Structure formats: C-alpha cells, structure tokens
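> Predicted model and sequence follow; I will ask about them next.
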Amino acid sequence: MNGQASDDLLGSADKLYEVTKSMSEKNGSVVLPEVLPKKGVLYFEETSHMILSSELQLRRITKMVLGKLSRRIKKLSVHSNTSESDSDSTDVSDSGDSTSDSESSLSSETDSNNVPKDPRDRIVQKPKESETHYRVMTLKNGMQCLLISDAEEAKSESAAYRALEVSTTDKAAVALAVRVGSAHDPRHLPGLAHFLEHMLFMGCKKYPDENEYDQFLDNHGGSSNATTDMETTCYMFDVSAEHLEGAIDRFAHQFIAPLLRKSSVKREVKAVDSEYMEGLQKDSEKISSIMTSLLQPDHPYFGFSCGNRESLVVNPKKQNVDVLAELRKFYDKYYSANLMCLCISSSHPLKKLEKMTKVFEQIPNKKIPIPTLENLPIPVTRCNFVKYCPVKDKKKIFFSWFLPPQNKHFRAKPVEYVEFLLGHEGRGSLISALKHKGYATEIECQSALGGLDSGTNFTRFLLDITLSDTGLEDYREVIKLVFQYIQMMRNKLPCERIFNEMKTMRDIDFDYSENDDPFETVEDLVENMTLFPPENYLNGPEQILEYKPDLIMDVVNSLTPDRMFVVLQSPTFKGICTEVEKWNRGSYFEGNFDTDFIDMLKTASPKVLPFFKSEFKLPEPNKYIPEDFEVKESDVEGPETFPVVITDEPTHKVWFHVDDVFEEPECVVNLHLFSKRVCENVRTYAINCLYVELYCQRTAELFYSAGLAGLS
C-alpha cells in the first residue's frame, strides 16, 4: 500500500469515527463501537484484530459496524417521539429511488409488529436476529424465485456512507441455477455443460455485443462468475444497486435468446482449457479424476467434467462431431424455466424487486422433467486401493465411501452426525490415538449435499488424514485404527445427547449469524433452492431439525472395509506410480487389499489400544455450550467509550468495557503476557515460538470442546 492510499484510508477511518460519534450524540444513550481513531486504525472488539485494509474491506467493515449500530438506534427510537431523528435517518436512498417511495414500500410490507403482510414473505425460516425480508414466489413460466431485501437496514446506513466520501454504493447480487450439470454431458463430449456455461454469455439477441454484459458490470462496480457441478450449473453477478435493473435485463436475455456464435468457440475453448491447465496443479482434482476413472464406465460420474481442447475440439473433429450443434442441442434440451431457480438480493424493497423479475418470464418453459440420477446404481470402483504421487510434498491417506443419496435426509443430517464423531479431536478420539502413536497430525471429515461429490445418485463420504513419516510407513495400522473407531461407534451409537449438542450449536450459529456479502449469499442460496423446500432455503444446510437414530446407524453401517476406497499419497511413490490418468494426468498405482486384511478390519476391536492412555470413546458432554442468551443490563452509569481499569496490581492489570452498543450475547477476553526475554535475541524468540506451538499441541484436546461451543 503506497503512502497516499494509506493516508486516504486513515482519513476514512477518522471519518467513520466522526460519523458514528455524531450518530451516538444524536441518539443520547448510544455510544461508539470499539473504534480507536487516534492512529486512524480501526480496532473492533469482535475480532480483536488491528485492521488496515483496502477501501473495499473498509467499506464492508463499516457496513458491519453501522448495521449493528443502526439496529441499536432503531431499538432506542421505539421509545422516542423525536420527529427530527426520523427525518434525518431517511435522508438518502442508496438505491436511487426517492426516499418517500422507499419508506412507503417498507411500511406497506410489514404490519405494526414488523410481521410481513404478504404470506409469501413468511415462508422462509430465517435467523431470529435477522431484519432482512425474504419473498418466495413462482414466476408465470414456472421458475422458482427468492427475493431478499435489506432495504430497511440500508436506509439507516445511507447517511453514514455518504459522510465517508468513499465509493460505498450498496451492492446487489443475482444468481440463477439450472438443474443440469456435467453428469448430463453426452458420453462423446465430456465437458460440454461447462463449455455451455462459458458460451452462454457471449452475446444474445437483444444485446449482441459479446462484451456488453461484462462491460456493463465493469462500468458499475460489478463482477460475475459461474460454476458447473454434477447436476447444477450456476450463474451469478453483483453490481451497484442503483444499476441492478439494467444488469438484470442483460443477464436474463442471455438465457432468453443466446446467440451461441461460431466466432466465440475458439476463444471460449481456450478459456476452458486454461481452467483445465490450472487444475493440473491441484492434487484434489487429480485424485478425484483417478477415482472417477476407476468407476464403471457407464456411470455418469465416470467422466471429465471440466473439458479441455482435446475433449471439445480435437476428439470431436476426429469423430466428425459438430460441437456447436451439440451445444445448441444441449441448451434446447435442458435450459428450461421450470428447471431454473433465481435469487436476487438488494437494498431495494421487495415490491420493486418483484417488478424486476418480470423479464425472466420471457425464458421459455419447455416443461422438461427434472433430470435425476436416483434410479441408477451407486458408483463402484474396480479396485479399493491406490498409491498416488502428488504435486505438493504432502503425505496423506484418504478414505472414501459412496453412500445412498442424503439430500432427502437434510432435516436429520445423519452423515454430518457421523462426520462430527470421526473428525472430533477431543479425548478418546481417532485423531487423539493417531497422534499418541505418532502416525498423524491432522484429520478432516466431510461430505456435501451438492457439488461434484454428491447428487441424486449418491453422497460421497470423505475422511482425510495428514500422516507423519511413521504413519506413512505403518499405513495399515492407521487403517486399522480407523475401523476400530468405527466399530466403537457401532457399539455405542446412537446417542441423543450428542445430537442435542450439535443441534444447539447449529441453532446458535444460525440465529446469530452475520449477513454475508450479497454475492456469496445468492451463490449459496440459489444452490439451496435446488436442494431444499422453500421454507428451508436458509436453514436447510445449517440447522439439524430431527433426531433419526436409524438413519445415523445406516450411515455408520455403510462405512465398511469392503466398500471403502483408499488413496495413499506420498512424493516417495514417484518410482512406483507408473500409471497416468488420462485427463488430469495424475500418476498412480492401482491395487487391492488382500482378503485377510479386509477380514481383519471387519472384526477390529476398539479396545485393543495398548499405546493409548484411553480407549476409543464418544465425546464427553460439552460443558461450554451456552444456555442463557439474555443480555444483562449494564450497571455502569452513562456511556463508556473506552475500557476502564478495574484491577491494578504490580503483577497484573485488568481492563473492562461494557458492550452497550451491539447488545449481543458475546464476550471477548484477551490475555496478554509480557516478558522482556521473549525478544531478547533470536534464540529466545525461537524458543518462545516453539513453546507456544508445543503448548497449543498439548492443550488441543482440552480446548477442542470449547472451540466447538464457539470459543476461539
């Protein structure tokens, strides 16, 4: 950052201070958030980090603080009849509409108790603390639509933004998902769905210029992206809210009448090939490609989702296949309004956003049944063990199981219950035993309800363990310990207490979640729209709503040795891995575990752990999970801008500050230990760093439960 930019940011920080200070003085009992302006650097009590950021980051931070402050002001204004305060807070509209129109739209959408009048606005289950408005609707052509408006919050913040005198225009974002993806590629044209994702926005009938859409976004502070997964393709963009309508028109018409011109093919093939080349440096993509290449050839997951020049140009030319004609055929077959979901987020009122959706009704409804893979057999690999030579110097072991599709069980989330236990890091856990033996340093367990690892045909369950040199050498012992832990789960599950703890923490995280960036919001929610019913668009992937012990045991009983697929990764396998996967060029060695080893794993006992101080066991009750969320009334008279000293001793000093601004059930404790010897010389500094690392390792099990409960 150059000196001028730094000075500008420091000035902006000071302006933020003055703005919030004036808002505080105007509203009497509202005090400043934890902003220390003396050096022009923002210090937030929430994060306990010094922040000196770019203008964009500063704008987002400002929005967070002023958003919370405006909610506090709103609470206070309920007890105030000051008309001046009301008129001042509605001076400016960032959306470009007149202030009176915005206020009228807001007041017409809710009753005196702030309950939405329109039944469509009461469908989505949203966080308790959320003031955002959501509307679920179906357009005339069958397209599902979710509208998100934070107009009320934006209205409260607009005056403060203007005072900052930086580019702080509200952002709006839009995402559209099509229920078709790489699993629907023609067998002879792998990567076609991804190629269409690139070609679709190269001009349309109304806006024939190839660069019209991107240029419009660039001119108005916007950006765009798109992704192709197994069974969905998503397109999204953001733009300044005042130019949302123009951006939506350009966006929608790419789906209404795309040109799909021959002149664009060469350039977009090059773009696809560039993405493919980037993937050649990613071990995760190489391993995924190796696994899919070992599946039964007639399964849709057996393919090449990205595509490249070879799959989209060279091979089709040899087979006399017209790729452009196939592309148009694919578009005509699948791009139908009834297979699409639309999500729009903006500071505009819902009424105005609904008017903006009318253009999407021009997309034809071809009444195509939703493509599904649910009637196909679950994938099976032709071997159960692979050695892989990675790009990066990392030693790992990956376990993978193909489970029946879990989308329909989203209310109970049995897979996430099992993931929680396998990935737990407390006493008696799998990783605890592996560390005691010196086999591993990290563990990660995950699955997904969408993307490239899940769909209507299967859910892929993944366990990833980072190995030491000893663990790599004794990898069979590592595998044995994994199945000993799984056997313990079979013996001791189900456990409703663990479910209740998970449910409680998920509920807390959901109810007290912060608003994300609009772009990220629509990207996530439009995918949720393809997976969950309307009432669960927000909480579908977040909350656990039902306890289903039978489903939990179904998942545990599916994690068997004869259904596993194991990848052992090490750079030392370079001379062994002589096979090369066709597309992502991963070097590997294909093999199988002997029958005796598989039989031994089936009968592994969880109690034979002579090296371990404790046998495998379920996590102990988490005593750190909060139960009381009442915000206590402060006994401090008057507002406090800065912390005050409450204990002052020769050996220690304690500072305290009452949060009477945000009024959220959170507490921040910072403990600073000062010693002149730490930085006395290079040696003492290195010893101190080593001590801190050893301390963290030693206390990891002790503090893990606290971390799960939100302490960090």
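Here it is on my side, so go on.

> In stretch 572-590, which residues are buried?
Neighbour-count burial for stretch 572-590 flags 573, 577, 581, 583-584, 586-590 (criterion: 16 or more other C-beta atoms under 10 Å). For glycine as for every other residue, the C-beta is placed from the backbone atoms N, C-alpha and C.

> what's the farthest-apart pair in those residues?
By the measure C-beta to C-beta, Phe573 and Trp583 form the most distant pair in the buried residues of stretch 572-590, at 20.2 Å.

> Quick check: Asp121 touching Lys351?
No: using C-beta atoms under 8 Å, Asp121 makes no contact with Lys351, being 10.7 Å away.

> So, low pLDDT: which residues of the chain?
1-114, 152-169, 448-452, 608-614, 635-640, 660-662 (pLDDT under 70).

> Next, name the residue at the spatial heart of it.
Centre of the chain computed as the mean C-alpha position; nearest residue by C-alpha atoms, centre = their mean is Asp524, 7.0 Å away.

> Could you tell me how far Ser305 is located from Ile465?
26 Å (C-beta to C-beta, to the nearest Å).

> When the two are compared, which one has more neighbours?
Neighbour count, other C-beta atoms under 10 Å: between Ser305 and Ile465, Ile465 has more, with 25 against 22.

> for the more buried one, phi and psi?
In terms of degrees, to the nearest 10, the main-chain angles of Ile465 are phi -120, psi 130.

> Dig out what it forms beta bridges with.
Beta-bridge partners for Ile465, by DSSP bridges, are Ile397, Ile443.

> so it touches Ile397, yeah?
Yes: between Ile465 and Ile397 there is a contact under C-beta under 8 Å: 5.1 Å.

> Confirm that Leu147 sits in a strand.
Yes: using DSSP: H, G, I helix; E, B strand; the rest coil, the assignment for Leu147 is a strand.

> returning to that earlier point: for the residue nearest to the centre of the chain, which residues are in contact?
By C-beta atoms under 8 Å, 6 or more residues apart in numbering, the contact set of Asp524 is 516, 541.

> which element is it on?
Here Asp524 sits within helix 518-531, counting by DSSP states H and E.

> from the chain's centre, how far out does that helix sit?
10 Å (C-alpha atoms, centre = their mean, to the nearest Å).

> For the helix or strand that it is followed by, which outside residues touch it?
Later in the chain than helix 518-531, the nearest helix or strand by DSSP H and E is helix 549-558. Helix 549-558 is contacted from outside by 401, 403-404, 409, 412, 414-415, 417-418, 461, 486, 489-490, 493-494, 496, using C-beta under 8 Å, 6+ apart.

> packing partners for the following helix or strand past helix 549-558?
Reading on from helix 549-558 to the C-terminus, the next helix or strand found by DSSP H and E is strand 565-569. With contacts taken as 3 or more C-beta pairs under 8 Å, 6 or more residues apart in numbering; DSSP states H and E, strand 565-569 sits against helix 283-293, strand 385-389, strand 396-403.

> Please name every helix or strand in contact with the first one.
To tie it back to what came earlier, the one meant is helix 283-293. strand 385-389, strand 565-569.

> the inter-axis angle of the first one versus strand 565-569?
The one in question is strand 385-389. Strand 385-389 runs at 30 degrees relative to strand 565-569, counting by axes from the mean of the first three to the mean of the last three C-alpha atoms, to 10 degrees.

> Show me where the stretch 201-350 of the chain has its helices.
For the stretch 201-350 of the chain, applying DSSP state H, counting those that start in this stretch gives helices covering 212-219, 244-256, 265-279, 283-293, 309, 315-318, 323-334, 350-356.
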